[in-house]
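K.L.:
One predicted model, sequence on top.
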Amino acid sequence: ATMPVPVPVGVLRLPRGPDGCSRGFSPTSLRFQALLGGDTVAAQGARAALRQRYLRGLAAARGRPTRFCLRAGVQVDAVFGAADVEAVAFQVDALRTPLGVQAAALLRCADVLAYSFLL
Amino acid sequence: MNDWQRKSPLDWETYVNKMVKVAAIEKHEYEGWVLTVDPVSASIVLATFLENEKVSISVVLGHAIQEVEILKEGDDEMKQRLSCIFAPEESKAYSPEEEEKRKNALKTWLETNHIPVTEQGESGRTLCVAGVLTIDPPYGPEECSSSNEIILSRVQGLIQGYLEKQQ
(Lines give C-alpha, C1' and ligand atoms only; values in the text may rest on other atoms or scores of the structure.)
Protein backbone atom coordinates (compact mmCIF):
# COMPACT_ATOMS: atom_id res chain seq x y z
CA ALA A 1 0.00 0.00 0.00
CA THR A 2 1.25 3.49 -0.78
CA MET A 3 1.51 6.25 1.79
CA PRO A 4 -1.30 8.79 1.57
CA VAL A 5 -0.06 12.08 0.17
CA PRO A 6 -0.34 14.73 2.89
CA VAL A 7 -2.69 17.56 1.97
CA PRO A 8 -0.68 20.76 1.65
CA VAL A 9 -1.68 23.33 4.23
CA GLY A 10 -1.93 26.95 3.19
CA VAL A 11 0.73 29.13 4.76
CA LEU A 12 -0.80 32.03 6.64
CA ARG A 13 1.27 35.16 6.11
CA LEU A 14 0.53 37.73 8.78
CA PRO A 15 0.48 41.39 7.74
CA ARG A 16 3.62 43.35 8.51
CA GLY A 17 3.55 45.21 11.78
CA PRO A 18 3.60 49.02 11.63
CA ASP A 19 7.35 49.14 12.17
CA GLY A 20 8.07 46.52 9.52
CA CYS A 21 9.40 43.97 12.00
CA SER A 22 6.62 41.36 12.11
CA ARG A 23 8.39 39.26 14.70
CA GLY A 24 6.68 41.16 17.50
CA PHE A 25 9.69 42.90 19.00
CA SER A 26 12.81 44.56 17.77
CA PRO A 27 16.11 43.01 18.87
CA THR A 28 17.66 46.48 18.94
CA SER A 29 15.01 47.95 21.22
CA LEU A 30 15.99 49.30 24.62
CA ARG A 31 13.65 46.81 26.25
CA PHE A 32 15.41 43.83 24.68
CA GLN A 33 18.84 45.24 25.51
CA ALA A 34 17.76 45.49 29.12
CA LEU A 35 16.45 41.92 29.03
CA LEU A 36 19.89 40.70 27.92
CA GLY A 37 21.17 41.88 31.25
CA GLY A 38 24.18 43.92 32.22
CA ASP A 39 22.19 46.29 34.41
CA THR A 40 23.01 46.70 38.07
CA VAL A 41 20.36 46.33 40.75
CA ALA A 42 20.33 50.10 41.20
CA ALA A 43 19.85 50.67 37.47
CA GLN A 44 17.00 48.16 37.36
CA GLY A 45 15.38 49.86 40.36
CA ALA A 46 15.62 53.21 38.61
CA ARG A 47 14.23 51.68 35.43
CA ALA A 48 11.22 50.27 37.30
CA ALA A 49 10.46 53.53 39.13
CA LEU A 50 10.72 55.60 35.95
CA ARG A 51 8.56 53.16 34.00
CA GLN A 52 5.88 53.04 36.69
CA ARG A 53 5.58 56.84 36.66
CA TYR A 54 5.39 56.79 32.88
CA LEU A 55 2.61 54.18 32.90
CA ARG A 56 0.63 56.25 35.41
CA GLY A 57 1.12 59.18 33.04
CA LEU A 58 -0.36 57.15 30.17
CA ALA A 59 -3.30 56.22 32.38
CA ALA A 60 -3.85 59.92 33.15
CA ALA A 61 -3.79 60.75 29.42
CA ARG A 62 -6.51 58.26 28.56
CA GLY A 63 -9.70 59.92 27.31
CA ARG A 64 -8.19 63.41 27.23
CA PRO A 65 -8.03 65.67 24.16
CA THR A 66 -4.41 65.54 23.03
CA ARG A 67 -2.39 67.47 20.49
CA PHE A 68 0.15 65.40 18.54
CA CYS A 69 3.15 67.07 16.89
CA LEU A 70 4.08 65.02 13.86
CA ARG A 71 6.93 65.54 11.41
CA ALA A 72 7.13 68.46 8.94
CA GLY A 73 5.20 70.77 11.22
CA VAL A 74 1.99 68.74 11.05
CA GLN A 75 -0.20 68.91 14.17
CA VAL A 76 -3.29 66.82 14.79
CA ASP A 77 -5.78 66.74 17.63
CA ALA A 78 -7.31 63.53 18.94
CA VAL A 79 -8.52 61.85 22.11
CA PHE A 80 -5.79 59.75 23.69
CA GLY A 81 -6.64 56.06 23.70
CA ALA A 82 -3.69 53.85 24.51
CA ALA A 83 -0.01 53.14 23.91
CA ASP A 84 1.53 49.74 23.31
CA VAL A 85 4.29 48.08 25.32
CA GLU A 86 7.06 48.42 22.72
CA ALA A 87 6.38 52.12 21.97
CA VAL A 88 5.49 51.34 18.36
CA ALA A 89 2.17 53.15 18.08
CA PHE A 90 -0.51 55.18 19.86
CA GLN A 91 -4.19 54.40 19.52
CA VAL A 92 -6.39 57.48 19.42
CA ASP A 93 -10.09 58.25 19.05
CA ALA A 94 -11.70 61.08 17.11
CA LEU A 95 -8.59 61.98 15.13
CA ARG A 96 -9.14 65.29 13.32
CA THR A 97 -7.55 65.23 9.90
CA PRO A 98 -7.96 67.54 6.87
CA LEU A 99 -10.07 64.74 5.36
CA GLY A 100 -12.41 64.56 8.32
CA VAL A 101 -12.62 62.97 11.75
CA GLN A 102 -11.42 59.36 12.01
CA ALA A 103 -13.30 57.51 14.75
CA ALA A 104 -10.24 55.48 15.70
CA ALA A 105 -6.68 55.48 14.41
CA LEU A 106 -3.13 54.39 15.06
CA LEU A 107 -0.30 56.89 15.07
CA ARG A 108 3.18 55.46 14.63
CA CYS A 109 5.57 56.53 17.41
CA ALA A 110 8.24 57.05 14.77
CA ASP A 111 6.02 59.73 13.20
CA VAL A 112 5.22 61.50 16.48
CA LEU A 113 7.73 64.01 17.84
CA ALA A 114 5.74 65.05 20.90
CA TYR A 115 2.22 65.14 22.31
CA SER A 116 0.56 67.16 25.05
CA PHE A 117 -2.66 67.26 27.06
CA LEU A 118 -4.13 69.16 29.98
CA LEU A 119 -4.80 67.72 33.42
CA MET B 1 19.56 55.53 18.47
CA ASN B 2 20.72 58.94 19.71
CA ASP B 3 22.87 59.84 22.72
CA TRP B 4 19.83 60.55 24.87
CA GLN B 5 18.35 57.10 24.20
CA ARG B 6 21.66 55.45 25.05
CA LYS B 7 21.77 56.83 28.60
CA SER B 8 21.35 54.49 31.55
CA PRO B 9 18.23 54.62 33.75
CA LEU B 10 20.34 56.05 36.60
CA ASP B 11 21.36 58.88 34.28
CA TRP B 12 17.75 59.59 33.25
CA GLU B 13 16.73 59.56 36.90
CA THR B 14 19.00 62.55 37.56
CA TYR B 15 16.74 64.68 35.35
CA VAL B 16 13.57 63.95 37.34
CA ASN B 17 12.22 66.93 39.34
CA LYS B 18 14.37 69.36 37.37
CA MET B 19 13.27 72.19 35.08
CA VAL B 20 14.74 71.44 31.66
CA LYS B 21 14.81 72.72 28.11
CA VAL B 22 14.50 69.96 25.53
CA ALA B 23 15.80 70.58 22.01
CA ALA B 24 14.07 68.24 19.57
CA ILE B 25 14.49 67.63 15.85
CA GLU B 26 12.95 70.06 13.33
CA LYS B 27 13.89 72.93 15.66
CA HIS B 28 11.21 72.20 18.27
CA GLU B 29 11.86 73.23 21.86
CA TYR B 30 10.04 72.20 25.00
CA GLU B 31 10.44 73.46 28.56
CA GLY B 32 9.02 72.08 31.76
CA TRP B 33 9.50 70.08 34.97
CA VAL B 34 10.61 66.50 34.34
CA LEU B 35 8.12 64.03 35.77
CA THR B 36 9.81 60.94 34.38
CA VAL B 37 11.74 59.44 31.47
CA ASP B 38 10.26 56.28 29.95
CA PRO B 39 13.03 53.66 29.94
CA VAL B 40 11.45 51.85 26.96
CA SER B 41 11.28 54.80 24.55
CA ALA B 42 13.48 57.34 26.39
CA SER B 43 10.58 59.79 26.12
CA ILE B 44 10.62 62.74 28.53
CA VAL B 45 7.41 63.65 30.34
CA LEU B 46 7.28 67.37 31.20
CA ALA B 47 4.83 69.27 33.40
CA THR B 48 4.03 72.98 33.03
CA PHE B 49 1.86 74.73 35.59
CA LEU B 50 -0.66 77.05 33.96
CA GLU B 51 -2.28 80.10 35.50
CA ASN B 52 -5.73 78.55 35.89
CA GLU B 53 -4.56 75.77 38.28
CA LYS B 54 -4.33 73.37 35.34
CA VAL B 55 -1.23 71.38 34.47
CA SER B 56 -0.07 70.88 30.90
CA ILE B 57 1.71 67.58 30.29
CA SER B 58 4.03 67.28 27.29
CA VAL B 59 5.74 64.08 26.24
CA VAL B 60 8.71 64.40 23.88
CA LEU B 61 9.46 61.09 22.17
CA GLY B 62 12.96 59.73 22.77
CA HIS B 63 13.80 59.33 19.10
CA ALA B 64 13.16 63.07 18.54
CA ILE B 65 15.35 64.37 21.39
CA GLN B 66 18.60 66.06 20.45
CA GLU B 67 19.63 67.76 23.69
CA VAL B 68 18.34 68.18 27.22
CA GLU B 69 19.57 71.16 29.22
CA ILE B 70 18.96 71.40 32.96
CA LEU B 71 17.78 74.91 33.87
CA LYS B 72 17.15 74.52 37.58
CA GLU B 73 16.56 72.04 40.36
CA GLY B 74 13.16 71.71 42.00
CA ASP B 75 12.89 72.43 45.73
CA ASP B 76 11.12 70.09 48.15
CA GLU B 77 7.77 71.81 47.62
CA MET B 78 8.04 71.37 43.85
CA LYS B 79 9.09 67.73 44.22
CA GLN B 80 6.01 67.11 46.37
CA ARG B 81 3.79 68.89 43.86
CA LEU B 82 5.21 66.90 40.94
CA SER B 83 4.90 63.54 42.69
CA CYS B 84 1.16 64.15 43.22
CA ILE B 85 0.35 64.78 39.56
CA PHE B 86 0.04 61.16 38.49
CA ALA B 87 -0.46 59.72 41.94
CA PRO B 88 -3.19 57.08 42.12
CA GLU B 89 -6.41 58.28 43.69
CA GLU B 90 -6.66 58.09 47.45
CA SER B 91 -8.77 55.12 48.46
CA LYS B 92 -10.91 55.04 51.58
CA ALA B 93 -8.65 55.02 54.63
CA TYR B 94 -8.94 52.08 56.99
CA SER B 95 -7.62 51.93 60.54
CA PRO B 96 -4.78 49.48 61.17
CA GLU B 97 -7.21 47.06 62.85
CA GLU B 98 -9.70 47.22 59.97
CA GLU B 99 -6.85 46.77 57.51
CA GLU B 100 -5.61 43.69 59.41
CA LYS B 101 -9.16 42.26 59.44
CA ARG B 102 -9.55 42.79 55.69
CA LYS B 103 -6.18 41.17 55.05
CA ASN B 104 -6.94 38.12 57.16
CA ALA B 105 -10.43 37.73 55.70
CA LEU B 106 -9.07 37.83 52.16
CA LYS B 107 -6.18 35.50 53.02
CA THR B 108 -8.57 32.97 54.58
CA TRP B 109 -10.90 33.16 51.58
CA LEU B 110 -8.02 32.59 49.15
CA GLU B 111 -6.77 29.61 51.18
CA THR B 112 -10.29 28.15 51.30
CA ASN B 113 -10.26 28.33 47.51
CA HIS B 114 -6.91 26.49 47.38
CA ILE B 115 -4.96 29.55 46.23
CA PRO B 116 -1.47 29.64 47.81
CA VAL B 117 -0.99 32.90 49.68
CA THR B 118 1.68 34.15 52.05
CA GLU B 119 2.35 37.38 53.90
CA GLN B 120 5.42 39.42 53.15
CA GLY B 121 7.00 42.82 53.38
CA GLU B 122 7.53 44.97 56.45
CA SER B 123 5.02 44.03 59.13
CA GLY B 124 3.52 41.45 56.75
CA ARG B 125 1.03 43.91 55.27
CA THR B 126 1.48 42.63 51.72
CA LEU B 127 -0.14 39.41 50.55
CA CYS B 128 1.73 37.31 47.99
CA VAL B 129 -0.34 34.99 45.81
CA ALA B 130 1.38 31.96 44.25
CA GLY B 131 4.67 33.80 44.44
CA VAL B 132 3.82 35.94 41.39
CA LEU B 133 1.23 38.49 42.48
CA THR B 134 1.19 40.89 45.42
CA ILE B 135 -1.75 42.60 47.08
CA ASP B 136 -1.19 45.75 49.13
CA PRO B 137 -3.60 47.33 51.61
CA PRO B 138 -6.53 47.91 51.41
CA TYR B 139 -6.61 44.63 49.43
CA GLY B 140 -8.86 45.54 46.54
CA PRO B 141 -8.47 44.73 42.81
CA GLU B 142 -6.60 48.02 42.28
CA GLU B 143 -3.93 47.03 44.78
CA CYS B 144 -2.90 43.87 42.92
CA SER B 145 0.50 43.84 41.18
CA SER B 146 1.96 41.20 38.94
CA SER B 147 4.15 40.89 35.88
CA ASN B 148 1.78 38.24 34.49
CA GLU B 149 -1.23 39.92 32.89
CA ILE B 150 -3.35 36.79 32.81
CA ILE B 151 -2.90 35.96 36.49
CA LEU B 152 -3.43 39.61 37.36
CA SER B 153 -6.70 39.73 35.48
CA ARG B 154 -7.93 36.46 37.00
CA VAL B 155 -7.09 37.40 40.58
CA GLN B 156 -8.57 40.89 40.16
CA GLY B 157 -11.79 39.25 38.99
CA LEU B 158 -11.79 36.86 41.95
CA ILE B 159 -11.25 39.66 44.46
CA GLN B 160 -13.90 41.80 42.81
CA GLY B 161 -16.40 38.95 43.14
CA TYR B 162 -15.31 38.30 46.74
CA LEU B 163 -15.77 41.95 47.72
CA GLU B 164 -19.16 42.16 46.04
CA LYS B 165 -20.37 39.13 47.99
CA GLN B 166 -19.25 40.83 51.19
CA GLN B 167 -21.61 43.78 50.66
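P.N.:
Nice, I can see it. This one's a predicted model, so the numbers in the text were calculated from it and none came from an experiment. Residues are numbered from 1 along each chain as shown, chains lettered A, B, ... in the order given.

K.L.:
Now the helix or strand hosting B:Ser56: buried residues?
P.N.:
Here B:Ser56 sits within strand B:55-60, counting by DSSP states H and E. By neighbour count on 16 or more other C-beta atoms under 10 Å in any protein chain shown, the buried set for strand B:55-60 is B:55, B:57-60. Glycine gets a C-beta too; all of them are placed from N, C-alpha and C.

K.L.:
Quick check: the two most widely separated of those residues?
P.N.:
Spanning the widest gap among the buried residues of strand B:55-60 are B:Val55 and B:Val60, at 16.3 Å by C-beta to C-beta.

K.L.:
Just the buried residues of the longest helix belonging to chain A, please?
P.N.:
Counting residues, the longest helix found in chain A (DSSP state H) is helix A:41-61. Across helix A:41-61, burial judged by 16+ other C-beta under 10 Å covers A:43, A:46-47, A:50-51, A:53-58, A:60-61.

K.L.:
if we look at chain B, which of these are close to it?
P.N.:
With C-beta under 8 Å from any C-beta of the partner chain as the criterion, the buried residues of helix A:41-61 include A:43, A:46-47, A:50-51, A:53-54, A:56-57, A:60-61 near chain B.

K.L.:
Next, format these as JSON lines and append pLDDT and distance to A:Leu99.
P.N.:
Shown next, in JSON lines, are those (pLDDT from 0 to 100; distance: C-beta to C-beta, whole Å):
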{"residue": "A:Ala43", "pLDDT": "88", "distance to A:Leu99": "46"}
{"residue": "A:Ala46", "pLDDT": "93", "distance to A:Leu99": "44"}
{"residue": "A:Arg47", "pLDDT": "92", "distance to A:Leu99": "41"}
{"residue": "A:Leu50", "pLDDT": "95", "distance to A:Leu99": "38"}
{"residue": "A:Arg51", "pLDDT": "94", "distance to A:Leu99": "36"}
{"residue": "A:Arg53", "pLDDT": "93", "distance to A:Leu99": "36"}
{"residue": "A:Tyr54", "pLDDT": "95", "distance to A:Leu99": "32"}
{"residue": "A:Arg56", "pLDDT": "91", "distance to A:Leu99": "34"}
{"residue": "A:Gly57", "pLDDT": "94", "distance to A:Leu99": "30"}
{"residue": "A:Ala60", "pLDDT": "92", "distance to A:Leu99": "30"}
{"residue": "A:Ala61", "pLDDT": "94", "distance to A:Leu99": "25"}
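
K.L.:
ok, of those residues, which one's closest to B:Val37?
P.N.:
Nearest to B:Val37 among those, counting by C-beta to C-beta, is A:Leu50 at 5.6 Å.

K.L.:
so that closest one touches B:Pro39, yeah?
P.N.:
Yes. With contact defined as C-beta atoms under 8 Å, A:Leu50 reaches B:Pro39; the gap is 5.2 Å.

K.L.:
which SS state does A:Gln91 fall under?
P.N.:
Here A:Gln91 is strand, with the state taken from DSSP: H, G, I helix; E, B strand; the rest coil.

K.L.:
what number of residues lie near the residue nearest to it when sequence neighbours are not counted?
P.N.:
Spatial nearest neighbour of A:Gln91, excluding adjacent residues (C-beta to C-beta, 6 or more residues apart in numbering or on different chains): A:Gly81 at 4.0 Å. As a burial measure, A:Gly81 scores 19 neighbours (other C-beta atoms under 10 Å in any protein chain shown).

K.L.:
Surely A:Gly81 forms part of a strand?
P.N.:
Yes. Under three-state DSSP, A:Gly81 sits within a strand.

K.L.:
Residues contacting stretch B:110-125, please?
P.N.:
With C-beta atoms under 8 Å, 6 or more residues apart in numbering or on different chains as the test, stretch B:110-125 has contacts from B:99, B:103, B:107, B:126-131, B:134, B:136-137, B:158.

K.L.:
Out of those, list just those in helices.
P.N.:
Among the contacts of stretch B:110-125, the members found in helices (DSSP H) are B:99, B:103, B:107, B:158.

K.L.:
lowest average confidence, helix or strand, in chain A?
P.N.:
Lowest by mean pLDDT, DSSP states H and E among the helices and strands of chain A is helix A:30-36, with a mean of 71.

K.L.:
Touching that one from outside, list them.
P.N.:
With C-beta under 8 Å, 6+ apart as the test, helix A:30-36 has contacts from A:25-26, A:44, A:47, A:85-86, B:5, B:39-42.

K.L.:
Having no further points to raise, I will conclude here.
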